[in-house]
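1. No sequence on hand, only this structure:
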């Protein structure tokens with residue numbers, strides 16, 4: 001016979017932040033959330049892990065465009081307008097690797113998203 005049982009709530013952290021954290025970010029987090037600081041000596045730098053290196057190797061300039069565009073809430077048409085009147089199809093072509101990204105276009109993208117130009121080259 002099956003019975004419906006409520007699972008007791010567990011105390012789990014919402015998220016963890018590691019590394020050098022600016023004071024203003026810490027102040028905001030302390031204000032908004034309960035902050036538990038754990039100085040774990042066993043922590044690993046994310047950028048040194050095999051997973052990160054493999055994922056980084058699979059990233060293309062087009063994937064970076066799509067990720068940054070979606071994170072900023074831009075449609076392809078809106079990003080195209082911000083890039084000087086490109087069509088949605090042109091932005092789609094860059095994201096899918098069918099259209100090349102010039103150095104000038106990479107500079108515009110880097111300025112819009114405030115990221116390094118190298119992400120788009």
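-> Structure's in. What do you need? All figures in this text were calculated on a predicted structure; none of them were measured in a lab. Residues are numbered from 1 along each chain as shown.
2. residue ranges with poor pLDDT in this protein?
-> Where the chain drops to pLDDT under 70, the residues are 1-17, 34-42.
3. Do you have the helices of the chain handy? List them.
-> With DSSP state H as the criterion, the chain has helices at 23-32, 50-58, 61-72, 76-82, 88-95, 103-113.
4. of all the ones you listed, which lies closest to residue 119?
-> Of all these, it is helix 61-72 that lies closest to residue 119, at 4.5 Å by CB to CB. Bear in mind the C-beta positions are built from the backbone N, C-alpha and C, glycine included.
5. Report all helices and strands that the closest one contacts.
-> helix 76-82, helix 88-95, helix 103-113 (3 or more CB pairs under 8 Å, 6 or more residues apart in numbering; DSSP states H and E).
6. Contacts for that helix, please.
-> Outside helix 61-72, the residues within contact range by CB atoms under 8 Å, 6 or more residues apart in numbering are 76, 79, 91, 94-97, 101, 106, 109, 113, 115, 119-121.
7. Counting neighbours, what do you get for the closest residue in space to residue 119 that isn't next to it in sequence?
-> With CB to CB, 6 or more residues apart in numbering as the criterion, residue 119 has its nearest non-adjacent residue at 4.5 Å, and that residue is residue 64. Using other CB atoms under 10 Å, residue 64 has 20 other residues around it.
8. ok so, going back, take the helices of the chain and write them to JSON lines, including distance to residue 43.
-> Below are the helices of the chain laid out as JSON lines (distance: least, CB to CB, whole Å):
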{"stretch": "helix 23-32", "distance to residue 43": "17"}
{"stretch": "helix 50-58", "distance to residue 43": "14"}
{"stretch": "helix 61-72", "distance to residue 43": "25"}
{"stretch": "helix 76-82", "distance to residue 43": "36"}
{"stretch": "helix 88-95", "distance to residue 43": "34"}
{"stretch": "helix 103-113", "distance to residue 43": "29"}
